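1. Could you look at this predicted model? Sequence included:
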Amino acid sequence: MSASSRPSPDHLDLTSTTITGNVQEAKTRLSELLAQVESGEEVVIARRGTPVATLVAKQPWRRPMGFVEGSVPDSFFDPLPREELDRWNGIATKHRTGKLDTAHAVVAAYPDHVARLGAQDLAVSARHALLGGGMAWEHQDPFDRLIGAQAITESLPLVTADPVFAGLGGVRVLW
């Protein structure tokens with residue numbers, strides 16, 4: 001039976017490109033109908049001779065695998081802009097979320113503290129982020145993973161009292 005003709009209420013025609021049939025027949029032959037749909041045909045299901053539904057193949061969504069074709073420009077590994085770094089600022093994040101209530105003075109005067117120590121900000125680079133995300137380390141805190149990756153990449157000691165870093169190979173912990 002073709003799509004333009006009225007379906008028989010008691011017969012499902014599987015010979016045309018558009019297959020039309022009734023609900024009971026569709027229930028009985030669902031597996032066969034799905035196979036027809038998978039082969040590119042359209043199935044129209046009718047109730048008492050009136051079309052009520054159409055079965056069509058669902059196009060699968062495929063996640064692209066791998067990396068972008070071509071090469072990555074050198075600028076990909078440049079330090080991230082200050083605005084991006086602010087998003088990674090763990091002290092501010094912990095303060096904001098209430099996990100570190102006493103951090104207000106540190107957050108408010110952060111640039112002054114860095115200058116007084118004679119220290120420098122260590123910019124987060126794509127290399128840090130890629131290593132942090134890819135390290136075989138059981139600890140899952142993304143900020144800790146990033147700090148560990150920076151210490152490894154830059155060959156710097158990590159000054160912390162947090163015992164979790166003892167389990168990260170390649171990092172020299174001071175404290």
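-> Received it, and whenever you're ready, just let me know what you need.

2. Can you identify the element that follows the helix or strand bottoming out on mean pLDDT in the chain toward the C-terminus?
-> One helix or strand of the chain scores below all others by mean pLDDT, DSSP states H and E: helix 82-88, with a mean of 61. Downstream of helix 82-88, the first helix or strand assigned by DSSP states H and E is helix 90-96.

3. List of residues touching that following helix?
-> Applying CB atoms under 8 Å, 6 or more residues apart in numbering, the external contacts of helix 90-96 come out as 86, 100-101, 103-104, 106-107, 110, 143, 147. (C-beta placed from N, C-alpha, C; glycine too.)

4. What segments of this structure are helices?
-> Per DSSP state H, the chain carries helices over the ranges 23-28, 30-38, 82-88, 90-96, 104-108, 110-117, 126-134, 142-154.

5. Go through those helices and pick out the most buried.
-> Comparing the helices of the chain by mean neighbour count (mean count of other CB atoms under 10 Å), helix 142-154 ranks first with a mean of 19.

6. Residue 112: what's it in contact with?
-> Taking CB under 8 Å, 6+ apart, we find residue 112 in contact with no residue.

7. actually residue 23, not the one I wrote
-> Contacts of residue 23 by CB under 8 Å, 6+ apart are 45-47, 52.

8. Pipe those residues into JSON lines and attach distance to residue 24, neighbour count and pLDDT per row.
-> Shown next, in JSON lines, are these (distance: CB to CB, whole Å; neighbours: other CB atoms under 10 Å; pLDDT from 0 to 100):
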{"residue": "45", "distance to residue 24": "10", "neighbour count": "20", "pLDDT": "85"}
{"residue": "46", "distance to residue 24": "11", "neighbour count": "20", "pLDDT": "83"}
{"residue": "47", "distance to residue 24": "10", "neighbour count": "14", "pLDDT": "82"}
{"residue": "52", "distance to residue 24": "13", "neighbour count": "11", "pLDDT": "84"}
